[in-house]
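# Any chance you could fold what I've pasted below:
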Amino acid sequence: METSKAHVALLPLPGMGHMIPFLGLGKLFVTHHNFKVTIFLVSIDHSSQTLSKTIISEMSNELCNIVQLPPVDITGVVDPNATVGLRLSVTMREIVPAFRSSVATMKPCPTVLITDIFGTDAFSVAEEFGMLKYVFSPSNAWILALTIYTPVLDKEVKGEYVHQKEPLKIPGCASVRVEDLFDPLLDRTNQQYDEYLHAGIRLRTSDGVLMNCWEELQPKTVAALRDDKLLGCVLKRPVYPVGPIVTQSGNSSKSGLLFDWLNKQSNDSVVYVSFGSGATLSHEQMTELAFGLELSQQRFVWVVRAPTKESGNKTYLKGRSGDENHDQFGYLPNGFMSRIQNVGFVISDWVSQVDILSHPSIGAFISHCGWNSTLESILMGVPIIAFPLFAEQKMNATMLTEEFGMAVRLEVLPSKKVVGREEIQKKVRKIMVDNEGHGIRDRVNELKYSAKEALCKGSSSYKALSELAKRFEARMQLQNKKAPSPITHE
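Model (predicted):
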């Protein structure tokens, strides 16, 4: 029986935004602490199962053991038109029996379970098999603070949050403006709200909470999470900022037509445009964005997806596999491709975002402000033009502009209204041309230094991960003492 190292079981939600940081966390436990790591992949349907396999094949260098759990049928549990958030929450609850069956076959069983905020129903399995149980929030400390405090707000605030005249106050943290609230909090009569509330309550039953941020990035919020007079009295569990965790494709290559083109551009001269693997733009918004980029007279790389009738997260779990007509881009304005031939590069196939952002020619990033993209932007020192679409992206955009000072925000919310070409042109030039852009670039470079420092040996995130490793090792030793000795025959 192998007893030399702790065994960490990771159970992330489906989708790029969750699986990528979990994979990165697993790699850290393997490379820094020689732990065994098993990642259990959950699928919401067969298309997301294919996406899961694609992510792992592209990003894993075989350091972690991968277990693909069978897709669960939730058609009888949720409405066919249910939001992605609700479908994810229900899927994580329904997957528990399959997860238990898989854990039961492991000898020895894992030492610790680390799951997503919406995966805490699996704690019952951890308790049954004597595992420690932790939550990893792949987002930042402010999002975690709101999640923890929502059960309190549920009792204190009367009526819908969206009808409140004042921002929602969180002890020791920045308040949350009503217009920045994300989907689960927009309708308290919706089942999605109940699931989010449940997650906030269940967090308190964990042995601790990990965050994909670092101490120096959000010192006030992290302190509030630990303070018994502030959020600490609600959570009552230790918190561990272990980020920034960013995973790069193991098969990435800075070759091909795109990088040949980038290599010809001057430093900080290109705007990178991408809205992640999950979101799509409406045809009207895509048209305005195209004209805005053209009017800005700046060079750009645009990773596009075919437009939909509505913007948002309808295709969140489908992934990006390239559009069938990606050679023609017939959904872009007439003549656009020919007019931007010498200044723009448009692509619809999957490409490593980290590789693009790390290229010296990239000077700005039009981003949906997903947390993975935000961390990649910080680590590469690239300012952001915030273009939030759904989920917690509006809160992230507010934080990036008002607290971090590394981004500029649009005058209107893209999730509420189509952003016009003049507005896009104005914001692009603000970072790329105007003097104000220099200060924003300086600020993101300060954050870049802070992020890289946090991961160094002896620094905050390194220490946090090391403290967790000691706890896991102590539990492993306890498990080994309780394990029955193998029967021998002389």
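
# what's downstream of whichever strand or helix holds Val408, the next helix or strand?
Element membership of Val408 [criterion: DSSP states H and E] is strand 407-409. Per DSSP H and E, the first helix or strand lying C-terminal to strand 407-409 is helix 421-432.

# Show me what the strand holding Val408 is packed against.
strand 384-386, helix 393-398, helix 421-432 (3 or more CB pairs under 8 Å, 6 or more residues apart in numbering; DSSP states H and E). Any C-beta I mention is one placed from the backbone N, CA and C, and that applies to glycine too.

# and Thr189, how many residues sit next to it?
Using other CB atoms under 10 Å, Thr189 has 8 neighbouring residues.

# so how far is Ala391 from it?
Using CB to CB, to the nearest Å, we find Thr189 at a distance of 20 Å from Ala391.

# one step back: out of the helices and strands packed on strand 407-409, nearest to Pro14?
helix 393-398 (18.4 Å; CB to CB).

# ok, then the element right after the helix or strand bottoming out on mean pLDDT in the chain?
Ranked by mean pLDDT, DSSP states H and E, the weakest helix or strand in the chain is helix 46-59, scoring a mean of 57. Proceeding N to C from helix 46-59, the next assigned helix or strand is strand 65-68, under DSSP H and E.

# From the chain's centroid, how far away is that following strand?
Chain-centre distance of strand 65-68: 21 Å, with CA atoms, centre = their mean, to the nearest Å.

# Kindly export it (C-alpha atoms) in PDB.
Coordinates of each C-alpha in strand 65-68 appear next as PDB, following Å, rounded to 0.1, in the frame of the first residue of the first chain:
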ATOM      1  CA  ASN A  65      -4.700  11.400 -12.900                       C
ATOM      2  CA  ILE A  66      -8.000  12.200 -14.800                       C
ATOM      3  CA  VAL A  67     -11.300  10.400 -14.100                       C
ATOM      4  CA  GLN A  68     -14.200  11.200 -16.400                       C
END
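
# How about residues contacting the following helix or strand past it?
Moving toward the C-terminus from strand 65-68, the first helix or strand encountered (DSSP H and E) is helix 84-94. With CB atoms under 8 Å, 6 or more residues apart in numbering as the test, helix 84-94 has contacts from 11, 13-15, 42, 44, 72, 74, 77-78, 82, 115-116, 118-119, 121-122, 183-184, 190-192, 195-196, 198-199, 313-314, 316-317, 391.

# 7 Å instead, please
In this structure, residues lying in contact with helix 84-94 by CB atoms under 7 Å, 6 or more residues apart in numbering are 13-14, 42, 44, 72, 74, 77-78, 118-119, 121, 183-184, 191-192, 195, 313, 316-317.

# for the record, mean pLDDT for that helix?
Summarised as a single mean, pLDDT over helix 84-94 is 90.

# ok, now stretch 299-309?
On average, stretch 299-309 scores 88.

# Pull out the buried positions in that stretch.
By neighbour count on 16 or more other CB atoms under 10 Å, the buried set for stretch 299-309 is 299-308.

# Quick check: the gap between the closest residue to Tyr193 other than its chain neighbours and Lys264.
If the residues on either side of it in the chain are set aside, Tyr193 comes closest to Pro184, at 5.3 Å by CB to CB, 6 or more residues apart in numbering. As judged by CB to CB, Pro184 and Lys264 stand 45 Å apart.

# One more: Phe336?
21 Å.

# which of the two has more neighbours?
Phe336 (17 against 9).

# Surely the more buried one and Glu288 touch.
No: look at Phe336 against Glu288 with CB atoms under 7 Å: they stay out of range, at 12.0 Å.

# which neighbours do those two share?
Counting by CB under 7 Å, 6+ apart, nothing touches both Phe336 and Glu288.

# List the contacts of the residue nearest to Tyr193.
85, 192-193, 196.

# okay, those residues in JSON lines with secondary structure next?
Formatted as JSON lines, the contacts of Pro184 follow (DSSP: H, G, I helix; E, B strand; the rest coil):
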{"residue": "Gly85", "secondary structure": "helix"}
{"residue": "Gln192", "secondary structure": "helix"}
{"residue": "Tyr193", "secondary structure": "helix"}
{"residue": "Tyr196", "secondary structure": "helix"}
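
# Now for the residues you listed: which two are most distant?
Applying CB to CB across those, the maximum distance is between Gly85 and Tyr193, 9.8 Å.

# wait, what's in contact with Met432?
Taking CB under 7 Å, 6+ apart, we find Met432 in contact with 271, 298, 363-364.

# follow-up on the earlier one: for the strand holding Val408, enumerate its sheet partners and note whether each is parallel or antiparallel.
Here strand 407-409 has these sheet partners by DSSP bridges: strand 384-386 (parallel).

# what does the partner strand contact?
Strand 384-386 is contacted by residues 364-367, 369, 377, 397, 400-401, 406-410, 427-428, 431 when judged by CB under 7 Å, 6+ apart.

# what does stretch 198-213 give?
So stretch 198-213 is contacted by 21, 114, 117-118, 120, 123, 132-141, 144, 147-148, 150-151, 235-245, 371 (CB under 7 Å, 6+ apart).

# Quick check: buried residues in that stretch?
Result for stretch 198-213 [16+ other CB under 10 Å]: buried residues 198-200, 202-203, 206-213.

# Please tabulate those residues in TSV and include secondary structure as additional columns.
TSV is the format used below for the buried residues of stretch 198-213 (three-state DSSP):
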residue	secondary structure
His198	helix
Ala199	helix
Gly200	helix
Arg202	helix
Leu203	helix
Ser206	coil
Asp207	coil
Gly208	coil
Val209	strand
Leu210	strand
Met211	strand
Asn212	coil
Cys213	coil
